[in-house]
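Student: need a structure here:
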Amino acid sequence: MIRTLRVLTLTDLFPRTTDVVNGSFVLRECLALKQAGLDIRVISPIPYSPSFLWGNEKWRSLGMSSPAHLWDGICACYPRYGRPPGAFYRKFEPFAMFPNLCRSYLLWSREKRFDVIHAHGLLPGGMAAILLSKTFHVPSVCHARGSDVNVYPYESRANFALTRYVIENCDVAVATSKALAEKMSSMSRVKRQIRVLYKSVDTKLFSPAKDKAVLRKQLDIPPDAFVAIFVGGLTRDKGIMELIEAWKEVSKKRPEALLVTIGSGPLHNDLVHVGQSVDVCGTKPNTQVALWMKASDVLVLPSHNEGLPNVVLEAMACGLPVVATSVGGIPEAVVHGETGFLVAAGACPELASRILSLAQNPDLRRSMGTAARRRVETVFRWENYVSGAMEVYRSAIERHKLRTRQRAPAEK
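Tutor: Numbering: from 1, shown residues only. Predicted structure coming up:
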């Protein structure tokens, strides 16, 4: 490139001073692009949270978040917008946040014009990005991550219509997996290419344990236990009820087995009630997640739907085999019988059987873990993400220019 590309990242999936875990994968992607020489700025709009909502931990966190922060050299601002609690209001979010997005955009564009807007999430971020794109004549890239295609469009007809509008009208549409791209194509009324941009993982932070025994002593894990780990929201969509049923079967046959869960959610107490074979650890930052993964033997993820989960790639980078459901982009990461096992969503007996087969075969765990690490280093490298993102940005800029030229004669 002749000059440095200036990219505006627009997303509600980004760390805040009160929640450093939220959207940490988007921050890592931004840092990789910054290291490659791009000028990255982030606008992460958050709902206005009056103090009477602070009895809820989520809304208290939103209300106490700083309006701006510098993350390892990347400037992020957090403009507020009105948005009552509840999924019903999701369809109004892009329009509610738009005025303050414009103010933030104009403030930063005084320094230098942005070359492209990269929205993570189709709703609300993608729709808001298209509004900014049309207002300020800047190319837009709308990047689907998972729930914005698998869940949000089916909450209401309006959500579906807005999601389809984003797919059809952004300059370049991007998905985190081929499965997600196919679903986006099926939603669109017009034929268009959906780019696939795989996530990447920090293979230095997430790497095989040098001494698992030392880690287990540090984390107070029995040295001889078979340890399965789950990382994610403790919700029905993540398959927690199926995991509970499967784990009861596993612990009957392997009493020394331990299930570690990292994350929070409404099914927290259901896991606690399973008994001593489950260690419910709550939410932890990435550095701690990496330690717990390194101390474990297998990752279990029985989700009902997914894009391409970060935790799968992180566990594979740690040299763990993965037992997961064959949904979304998971089969694009986990090779059945080589880097782990894939099971049908909701299949509790099969889930328990696959976990037990790994519990009973340390050699299989090692060989699958080694293959998993190798696959991450080959397919999900940061270099692949950066070069792919650069190509996406160039395509968005060219397509925006072409569309502008095509509109010009009609406007005359």
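Student: pretty sure L10 sits in a strand.
Tutor: Yes - assessed by DSSP: H, G, I helix; E, B strand; the rest coil, L10 belongs to a strand.
Student: the closest residue to E338 other than its chain neighbours: what secondary structure?
Tutor: Nearest non-adjacent residue to E338, counting by C-beta to C-beta, 6 or more residues apart in numbering: A371, 5.3 Å away. Where C-beta positions appear, they are placed from N, C-alpha and C, glycine not excepted. Counting by three-state DSSP, the backbone at A371 sits in helix.
Student: give me the mean pLDDT for the helix or strand where C75 lies.
Tutor: Using DSSP states H and E, C75 sits within strand 74-77. The average pLDDT for strand 74-77 rounds to 96.
Student: which ones are touching the nearest residue to P45 once chain neighbours are set aside?
Tutor: The shortest distance from P45 to any non-neighbouring residue, by C-beta to C-beta, 6+ apart, is to M97 (4.3 Å). By C-beta atoms under 8 Å, 6 or more residues apart in numbering, the contact list for M97 reads P45, P79, Y81, R83, P124, A128.
Student: what of K191?
Tutor: Neighbouring residues of K191 by C-beta under 8 Å, 6+ apart: S185.
Student: Three-state assignment for it, please.
Tutor: Applying three-state DSSP: K191 is coil.
Student: okay, and V260 sits in which element?
Tutor: Counting by DSSP H and E, V260 is found in strand 258-262.
Student: what residues does that strand touch?
Tutor: 221-222, 225-232, 234, 243, 247, 250-251, 271, 274, 277-284, 288-289, 292, 296, 300.
Student: parallel or antiparallel, list what pairs with that strand.
Tutor: The pairing partners recorded for strand 258-262 under DSSP bridges are strand 227-231 (parallel), strand 278-280 (parallel).
Student: the stretch 1-150 of the chain: helices as residue ranges?
Tutor: Along the stretch 1-150 of the chain, counting by DSSP state H, counting those that start in this stretch, helices occupy 24-35, 57-64, 93-109, 127-136, 147-150.
Student: mind listing what's buried in the second one?
Tutor: Which is helix 57-64. W59, S61, L62, G63 (16 or more other C-beta atoms under 10 Å).
Student: go on, the first one?
Tutor: Within helix 24-35, the residues scored as buried using 16+ other C-beta under 10 Å are S24, F25, V26, L27, R28, E29, C30, L31, A32, L33, K34.
Student: report the residue spans of the stretch 1-150 of the chain with pLDDT below the cut-off.
Tutor: 1-3 (pLDDT under 70).
Student: please redo it, this time with the cut-off set to 90
Tutor: Within the stretch 1-150 of the chain, the stretches with pLDDT under 90 are 1-4, 21-22, 53, 56-58, 84-87, 111.
Student: tell me the angle the helix ranked longest in the chain makes with helix 127-136.
Tutor: Longest helix in the chain, counting residues (DSSP state H): helix 382-411. For helix 382-411 against helix 127-136, the angle by axes from the mean of the first three to the mean of the last three C-alpha atoms, to 10 degrees is 50 degrees.
Student: the stretch 151-300 of the chain: strands as residue ranges?
Tutor: Ranges of strands in the stretch 151-300 of the chain, per DSSP state E, counting those that start in this stretch, are 172-175, 194-196, 227-231, 258-262, 278-280, 298-301.
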